[in-house]
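Asks: just the structure for this:
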Amino acid sequence: MMSQVRGWRAAACALALVAPLIGGSVAGTAAAGDKKGNPVHHVGFVSWSDAGDFAAGSGDGTAVDGGELVIGTATGGRTYTDPFGDGSAVSYESASWTSPVVEPGFDLTELVASWNATTPAGTWIEVEARGDSSLGGQSKWYVLGRWASGDGDLHRTSVPSQGDDTASVAIDTVVTRTDVTLANWQVRVTLLRETGSTATPRVSLVGAMASAVPETKKLPASPSGGAEGIVLDVPTYSQETHIGHYPEYDNGGEAWCSPTSTAMVLDYWGAGPTAAETSWVDPTDPDPQVDHAARYVYDYAYQGAGNWPFNTAYAATRGLEAFVTRLRSLTEAEQFIKAGIPLVVSVSFKESELDGAGYGTNGHLMVIVGFDANGDVVANDPASHLIQSNDEVRTTYDREQFERVWVGHSGGIAYVIHPESVPLPPAPAEANW
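Replies: The predicted structure is shown next:
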């Protein structure tokens with residue numbers, strides 16, 4: 001399952017079936033090079049996550065309770081028929097919060113929103129984004145997710161077929177048309193509950209990563225970031241041990257690179273699901289937390305378990321803070337490892353492009369858990385060698401090769417998942433976290 005985001009889509013986790021990269025909008029608006037002629041990777045991440053932050057935006061019926069957005073007085077409403085439900089129309093009342101306009105300091109070509117929320121029964125949220133288009137005027141609101149933390153009331157989903165002259169939405173990413181950019185951006189989160197209910201979603205974080213990252217086949221080698229010899233004790237889970245499990249969630253484990261990676265990081269933080277929560281999983285299945293993650297990150301429109309913000313939103317329901325961003329280099333990634341924070345990263349490569357993988361992929365996710373003494377990448381690769389064993393997951397990859405298939409191919413997409421008690425490393429001047 002492919003999309004136009006940088007020519008491929010990591011969510012498919014399609015192994016050993018490498019398609020050629022197809023130039024997306026970024027190729028038509030590549031940033032100028034630096035003084036050495038190297039392409040400039042512009043990335044900016046901004047989020048709002050407490051009462052002071054939310055006061056900077058505009059609420060329409062929302063209130064702040066305990067530092068979280070909630071429905072104060074419902075000011076809107078809609079009738080929604082879940083396209084993956086039983087066909088019944090349900091009446092909802094709503095309130096919304098709109099962020100300030102963010103000026104990233106560059107003309108952006110892609111945007112991925114993130115949110116951390118919980119939604120009691122009968123409630124859900126919708127997240128949208130817009131910006132000022134280089135074609136003139138403000139774009140429409142693009143829907144980036146209709147989401148619930150459970151799956152008893154609403155089938156969480158991306159929204160296809162939203163394209164216009166300014167941009168389209170590739171699953172979870174606003175992607176501008178070739179030679180079109182956005183000068184700024186806003187996000188809006190709408191909180192919905194069944195009409196007559198007093199329940200409310202609770203949103204603890206909402207934000208977005210904007211970027212203008214040029215396609216590039218060659219990257220300058222990144223310098224050491226000081227994490228040589230640091231390897232975090234992240235448990236190893238293979239997606240291959242889940243082949244055939246619960247095919248209603250993207251055909252089972254063969255496509256579960258993203259939830260498997262997310263599950264590894266959750267268990268590293270001691271935030272995985274309890275035995276009671278995974279009691280629905282066949283008791284003969286190994287690592288039921290992987291099956292659980294696949295179920296609760298699944299995007300019904302995309303029919304995949306690799307929707308980036310759905311994965312981080314699931315991680316946040318486990319009591320963590322989580323968001324999607326892009327990193328510019330392994331040097332930046334090393335700062336997270338030094339802070340004790342593993343990273344889930346999105347890569348694509350031909351088998352010949354990453355020594356030791358033993359496969360090629362249109363798009364795949366794995367966990368950077370550290371660096372060896374030479375600065376090479378130590379990764380928990382859930383598809384390592386395509387062998388059905390957790391013992392084969394930990395792999396060391398050549399630094400230069402890994403950086404090329406990560407930063408060069410996905411623009412450095414990463415899930416940042418951590419407890420609030422573990423601070424992020426200091427951000428660079430053009431802050432991407």
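Asks: neighbours of residue 179, just the number please.
Replies: Residue neighbour count, defined by other C-beta atoms under 10 Å, stands at 11 for residue 179. (Glycine included, C-beta is placed from N, CA and C.)
Asks: three-state assignment of it?
Replies: Here residue 179 is coil, with the state taken from DSSP: H, G, I helix; E, B strand; the rest coil.
Asks: what about it, distance to residue 233?
Replies: 47 Å (C-beta to C-beta, to the nearest Å).
Asks: ok, residue 426 next?
Replies: Going from residue 426 to residue 233 by C-beta to C-beta gives 24 Å.
Asks: got the contact list for the residue nearest to the spatial centre of the chain?
Replies: What sits nearest the mean C-alpha location of the chain, by C-alpha atoms, centre = their mean, is residue 308, with 2.6 Å. Contacts of residue 308 were listed using C-beta atoms under 8 Å, 6 or more residues apart in numbering, and they are 10, 11, 112, 172, 173, 258, 324, 346, 413, 415.
Asks: can you pick the most crowded of those?
Replies: The residue in these with the most neighbours, by other C-beta under 10 Å, is residue 11 (34 neighbours).
Asks: tell me, what's the model's pLDDT at it?
Replies: Confidence at residue 11, expressed as pLDDT, is 45.
Asks: after the helix or strand bottoming out on mean pLDDT in the chain, next one along is what?
Replies: Least confident helix or strand, the chain: helix 25-28 with a mean of 32, by mean pLDDT, DSSP states H and E. Using DSSP states H and E, the helix or strand that directly follows helix 25-28 along the chain is strand 42-48.
Asks: part of a strand, is residue 235?
Replies: No - secondary structure of residue 235 (three-state DSSP): coil, not part of a strand.
Asks: check what pLDDT it gets.
Replies: Reading off the confidence values, residue 235 has pLDDT 98.
Asks: which residue is the nearest non-sequential neighbour of it?
Replies: residue 267 (5.0 Å; C-beta to C-beta, 6 or more residues apart in numbering).
Asks: in this protein, which spans are helices?
Replies: 25-28, 51-55, 257-268, 288-297, 308-316, 330-338, 399-410 (DSSP state H).
Asks: got the angle for the third one vs helix 288-297?
Replies: With axes from the mean of the first three to the mean of the last three C-alpha atoms, to 10 degrees defining the directions, helix 257-268 sits at 120 degrees from helix 288-297.
Asks: helix 257-268 vs helix 308-316, what angle?
Replies: Inter-element angle recorded for helix 257-268 and helix 308-316: 20 degrees (by the same axes, to 10 degrees).
Asks: helices or strands next to helix 257-268 in the packing?
Replies: Judged by 3 or more C-beta pairs under 8 Å, 6 or more residues apart in numbering; DSSP states H and E, the packing partners of helix 257-268 are helix 288-297, helix 308-316, strand 343-349, strand 361-371, strand 413-418.
Asks: any chance of these in JSON lines, plus distance to residue 87 and mean pLDDT?
Replies: Shown next, in JSON lines, are the helices and strands packed on helix 257-268 (distance: least, C-beta to C-beta, whole Å; pLDDT from 0 to 100):
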{"stretch": "helix 288-297", "distance to residue 87": "23", "mean pLDDT": "98"}
{"stretch": "helix 308-316", "distance to residue 87": "24", "mean pLDDT": "98"}
{"stretch": "strand 343-349", "distance to residue 87": "35", "mean pLDDT": "97"}
{"stretch": "strand 361-371", "distance to residue 87": "33", "mean pLDDT": "97"}
{"stretch": "strand 413-418", "distance to residue 87": "35", "mean pLDDT": "98"}
